[in-house]
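>>> Pasting the sequence and the predicted model now:
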Amino acid sequence: MESVSYLRFIMSLVAVLAMIFGMLWAARRWGLGGMAPRVNNRQRRRLAVQDVLQLDARHRLILVRRDDREHLLLLGNGNGVVIERDCPPPQFTPTVSKPETP
């Protein structure tokens with residue numbers, strides 16, 4: 001092959017890769033194709049999955065946070081059940097150990 005053919009191949013490869021990355025960037029930017037757009041610092045997501053516990057092959061417990069409230073859901077067998085609404089946040093109390101005196 002001539003050097004012109006190699007150069008044409010490399011330039012074509014770079015152009016195709018640039019188009020692929022450009023399309024991925026546009027999909028992320030505008031949320032196309034199921035890809036969620038990035039959240040700015042000013043915006044806050046209102047819905048988040050806090051924790052998931054797989055109970056068996058068909059059932060799972062999911063702790064979902066919406067704004068400042070948490071809900072416990074049981075999902076499986078094609079339906080979902082709300083186990084607990086407005087779960088209280090965990091209250092952690094630090095344990096303070098007393099220093100040993102000789």
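Cool, got the structure.
>>> My assumption is that residue 94 lies in a helix; please confirm.
No: in this structure, residue 94 is coil, not part of a helix, as judged by DSSP: H, G, I helix; E, B strand; the rest coil.
>>> residues near it, how many?
4 (other C-beta atoms under 10 Å). (Glycine included, C-beta is placed from N, CA and C.)
>>> mind checking how far it is from residue 88?
19 Å (C-beta to C-beta, to the nearest Å).
>>> Same question for residue 79.
26 Å.
>>> do the same with residue 15
Distance, residue 15 to residue 88, using C-beta to C-beta: 57 Å.
>>> Each with direction, which strands does the lowest-mean-pLDDT helix or strand in the chain pair with?
Every helix and strand in the chain was compared by mean pLDDT, DSSP states H and E; the lowest is strand 79-87, with a mean of 85. Strand 79-87 has the following strand partners under DSSP bridges: strand 69-76 (antiparallel).
>>> Please list the outside residues in contact with the partner strand.
Residues from elsewhere that reach strand 69-76, judged by C-beta atoms under 8 Å, 6 or more residues apart in numbering: 50, 55, 58-64, 80-87, 89.
>>> Now do the buried residues in that strand.
For strand 69-76, a neighbour-count test (16 or more other C-beta atoms under 10 Å) marks 70, 71, 72, 73, 74 as buried.
>>> can you give me the offset of that strand from its chain's centre?
17 Å (C-alpha atoms, centre = their mean, to the nearest Å).
>>> do stretch 67-86 as well
Remark: stretch 67-86 is offset 18 Å from the chain centroid, using C-alpha atoms, centre = their mean.
>>> now do stretch 46-58
With C-alpha atoms, centre = their mean, you get 12 Å for stretch 46-58.
>>> does residue 98 sit in a helix, a strand or a coil?
coil.
>>> Based on its surroundings, how many neighbours for it?
The tally of other residues near residue 98 (other C-beta under 10 Å) stands at 5.
>>> what stretches of the protein score poorly on pLDDT?
When residues are selected by pLDDT under 70, those of the chain lie in 1, 33-43, 89-90, 102.
>>> domains of it?
Using automatic domain parsing, the domain parsing of the chain gives 1-38, 41-87.
>>> wait, which of these is closest to residue 98?
domain 41-87 (33.4 Å; C-beta to C-beta).
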